[in-house]
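Chemist: Provided below for reference: sequence and predicted model.
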Amino acid sequence: MKEHLGSCRQAIIDGDAEKSEELAKLTLEKGMPVLEVIDRGFVEGIREVGRLWEEGELFLPELVIGADAMKKAMAVLRPALESVEGGQDRLGHVVIGTIEGDIHDIGKTLVATMLAANGFEVTDLGADVPVAKFVETAAEKGADWIAISALLTTTMPGQKRVIERLEAKSLRGDVKVMVGGAPCSEEWASEIGADGYAGDAVAAVALVKGQTG
Amino acid sequence: MGMVPRVTWFDKKTRKKIVAEAMEILEKVGVFVENDEAIELLTGAGARVDGGRVMIPSQVVEKALETAPPRILVYDRNGEVAMDLGGDRIHFNPGSAALRIFDPEINDARIPVTADVIKYARLTDALPNYAAQSTGLIPGDVPEGIADRYRVFLGLQNSVKPIVTGTFKVEAFRVMHEMLAAVSGDADTLMEKPIAIFDCCPSPPLMWSDLTCQALIDCARTGLPAELVSMPLTGATSPVTLAGAVTQHCAESLSGITIHQLARAGSPVIYGGSPACFDMRKGTTPMGAVETMMIDGAYAEIGKHLGVPTHAYMGLSDSKPVDYQAGMETAMGSIIAAVSGVNNISGPGMLDFESCQSLEKLVLDHEICGMALRLTEGIELRDDPIAMPLIEQGLEKKNFLSLPHTMKWFRKEAYFPDPVIERGTLEEWRSKGKKDASERARERVGKLLSSHEPEPLDPAVVTHMTGLMEAEAKRYGLEKLPV
């Protein structure tokens, strides 16, 4: 078991998607405890990848292939997790997108990738997403978080409008809102009544984990 | 004319290969176009729509290249030529559309307001090495929906120079065009002697959004030069190799030229861009990276090969304050742009990638531009023999200072920078209070703003523009403009 956990962790650090998928399948075949394999194997791996990236040891392409390997493993394990006691609670759902008028995609996509890699279900609406679309999708999917990216000061107010629309639809209590993007800040997040601000993909994961986990 | 110093990025064979592959990309991979009119123009010319992408045959692109003009004249408010884009002629203008302004009072970047936009336009007007102004700041004290045209409204009143700008909303073009036409006299005069350039940015990889596509078509129809700003980010939104980015840039730009020329053949279009060597550690787009400048210089060479005027976002910095890094990156980019013969160089004044403008940096960068402009004039042989008789005269007089030959040429041989560049002695520097370049620039900004009065715009035109702008403001719930 210990050896298996180590292999799972290493597959993520190596960004070896083929290997991580294989190890996830093996976990199910051998009837190993899913939660433990995720927490002490795969999650350890992605956490290490995040740490190394924050320290400047790893670069973004390495972060992304680590996340992709994680996604592959989670896709295999997710169905099993749903039937495990306590498993469902941790599967937060995040609706993410870049706000209308803004076509910048990169930062948002990195956040989506890292969230998915950490086991969250992610609905990525892409770029130039209308305010209503965020709210409708979150309601439809029963999302726990809405993550809104804005790269221009001219599009930032759209983040505020998402929150206003949630309030108008009496959905604000059901879903938390995170904002990010170059012009955003902690101050902006609190000014518009968001639940948090994340400056990068690793911070976004920490934020969502801190408040849903 | 002496020999002009030039840098070469590719041999001719490679240039041809890049263009050929870009055309193949358009034919086989295609572009994603969100604008119905553009799709109609393209399919009408023989392009094919497949799975949402428009596949453009090479012949259609080649035909567009034949009609795109090799030279574009841009005029100032008085109808004088301010920019002669084409060949290896270079022109500088400040970087456009910054979200923030660096405020030395608080030593931090902040959201700009109307007063900042006015100062910025007046300062650009006062600095002769800037051939054009730009809508360099996005004012935060008007509704976001009208910020694009409000910048033009302020710029036109506070500087005689042509204006490099762009739209944030499709409906803005009509209003901007009406203001520009009012300044020029009428729409026909504006078409004949354009006083503005519009940036039109495809989204990498290979996509034209409705907004930018419409701007491209509107520019073509009204004869206002469209500046294509393709921005591949290596390894993020384009291949990671510099050559791969240049090739994708070429494909995106060729698709833009094609849409533009189909809307109106012969209309002026500029092969521009704002690529970046994506930072794999920070996930940012460093404009001060030497690799970014290499992509810029290289695509400009492709643009010249294609026979269209060129543009690049160069001569700017990723630094946050006006410091060593700011000067180093700006100078490096400006010089590389100059020796690459980029016709329109946008960037001076900018910090923090493309998101912050600084009045102090605008004053300092002006000196970099002056030196870059001097550099591109090269070394001229003014005498034959070159030196011998002069040396004889100098020896006789014991110095060269008082030679008539010195008097004749010294102003032409050297560029004299503004005193923000310290060329005095250590003693002089001490006696003036040991100020660094940023401090000197701050004082210079104050002096220029109090001494320079831009030529006023015809009051009737101002009234007309104000009426237009007030109507726009009201539509967005603003009763009174900040000016």
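Modeler: Sure thing, it's come through. Residues are numbered from 1 along each chain as shown, chains lettered A, B, ... in the order given.
Chemist: in contact with whichever residue of the stretch 151-300 of chain B sits closest to chain A, which residues?
Modeler: Closest to chain A within the stretch 151-300 of chain B is residue B:280: 3.8 Å, counting by Cβ to the nearest Cβ. Just so you know, the C-beta spots here come from the backbone N, C-alpha and C atoms, and that holds for glycine as well. Residue B:280 makes contact with A:59-61, B:235, according to Cβ atoms under 8 Å, 6 or more residues apart in numbering or on different chains.
Chemist: where is pLDDT lowest across these?
Modeler: Among these, residue A:60 has the lowest pLDDT, at 86.
Chemist: can you report how many residues neighbour that residue?
Modeler: Look at residue A:60: counted by other Cβ atoms under 10 Å in any protein chain shown, it has 19 neighbours.
Chemist: please apply the same query to residue B:475.
Modeler: Neighbour count of residue B:475, defined by other Cβ under 10 Å: 12.
Chemist: now it: how far from residue B:171?
Modeler: Per Cβ to Cβ, to the nearest Å, residue B:475 is found 10 Å from residue B:171.
Chemist: can you check residue B:483 too?
Modeler: In terms of Cβ to Cβ, residue B:483 sits 22 Å off from residue B:171.
Chemist: for chain A, what lies in contact range of chain B?
Modeler: Chain A comes close to chain B at residues A:56, A:59-61, A:101, A:103, A:105-107, A:110, A:128, A:152-155, A:157, A:182-183, A:200-201, as judged by Cβ under 8 Å from any Cβ of the partner chain.
Chemist: all helices for chain A, in order.
Modeler: A:2-14, A:17-29, A:34-37, A:43-54, A:60-82, A:106-117, A:131-141, A:157-168, A:186-191, A:201-212 (DSSP state H).
Chemist: quick one: which helix or strand includes the residue sitting furthest away from the middle of chain B?
Modeler: Distance from the centre of chain B peaks at residue B:396, with 49.9 Å (Cα atoms, centre = their mean). Assigned by DSSP states H and E, residue B:396 belongs to helix B:388-397.
Chemist: could you chop chain A up by domain?
Modeler: Following automatic domain parsing, chain A resolves into domains at A:2-88, A:92-212.
Chemist: now do the same contact list for residue 37.
Modeler: All of this is about chain A. Residue A:37 touches A:4-5, A:8, A:24, A:27, A:77, counting by Cβ under 8 Å, 6+ apart.
Chemist: that answer is for a different chain, and I need it for chain B
Modeler: B:213-214, B:217.
Chemist: any weak-confidence spans in the chain?
Modeler: Just going to use chain A. Scanning chain A for pLDDT under 70 picks out the ranges A:85-91, A:211-213.
Chemist: actually, chain B is the one I wanted.
Modeler: Applying pLDDT under 70 to chain B picks out residues B:1-2.
Chemist: contact residues of it facing chain A?
Modeler: Residues of chain B lying near chain A (Cβ under 8 Å from any Cβ): B:99-100, B:111, B:138, B:140, B:144, B:147, B:168-169, B:203, B:209, B:233, B:235-237, B:278, B:280-281, B:283, B:355.
Chemist: which among those end up buried?
Modeler: B:99-100, B:111, B:138, B:140, B:144, B:147, B:168-169, B:203, B:209, B:233, B:235-237, B:278, B:280, B:283, B:355 (16 or more other Cβ atoms under 10 Å in any protein chain shown).
Chemist: tell me which of those residues fall in strands.
Modeler: residue B:100 (DSSP state E).
Chemist: in chain A, which residue sits nearest chain B?
Modeler: Nearest residue of chain A to chain B: residue A:59, at 3.8 Å (Cβ to the nearest Cβ).
Chemist: hang on, that residue packs against residue B:281?
Modeler: Yes - using Cβ atoms under 8 Å as the test, residue A:59 is close enough to residue B:281 to be in contact (5.7 Å).
Chemist: show me the buried ones among the residues of chain B next to chain A that map onto helices.
Modeler: Applying DSSP H to these, the entries found in helices are residue B:147.
Chemist: returning to what we had before: out of the helices of chain A, which one sits most buried?
Modeler: helix A:106-117 (a mean of 24; mean count of other Cβ atoms under 10 Å in any protein chain shown).
Chemist: which strands or helices does it pack on?
Modeler: Packed against helix A:106-117, as judged by 3 or more Cβ pairs under 8 Å, 6 or more residues apart in numbering or on different chains; DSSP states H and E, are the following elements: helix A:60-82, strand A:93-98, strand A:121-124, strand A:145-149, strand A:176-180, helix A:201-212.
Chemist: with distance to residue B:265 as extra columns, can I get those in CSV?
Modeler: Shown next, in CSV, are the helices and strands packed on helix A:106-117 (distance: least, Cβ to Cβ, whole Å):
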stretch, distance to residue B:265
helix A:60-82, 43
strand A:93-98, 36
strand A:121-124, 40
strand A:145-149, 39
strand A:176-180, 44
helix A:201-212, 46
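Chemist: please enumerate residues in contact with stretch A:192-200?
Modeler: Contact partners of stretch A:192-200, identified using Cβ under 8 Å, 6+ apart, comprise A:107, A:110-111, A:145, A:147, A:159-160, A:163, A:176-180, A:184-186, A:188-189, A:204, A:206-207, A:211, B:283.
Chemist: rewinding a little: could I get the buried residue list for the helix holding residue B:396?
Modeler: The neighbour-count check on helix B:388-397 (16+ other Cβ under 10 Å) flags residue B:394 as buried.
Chemist: after it, which helix or strand is next?
Modeler: Toward the C-terminus, helix B:388-397 is succeeded by helix B:404-413 as the next helix or strand (DSSP H and E).
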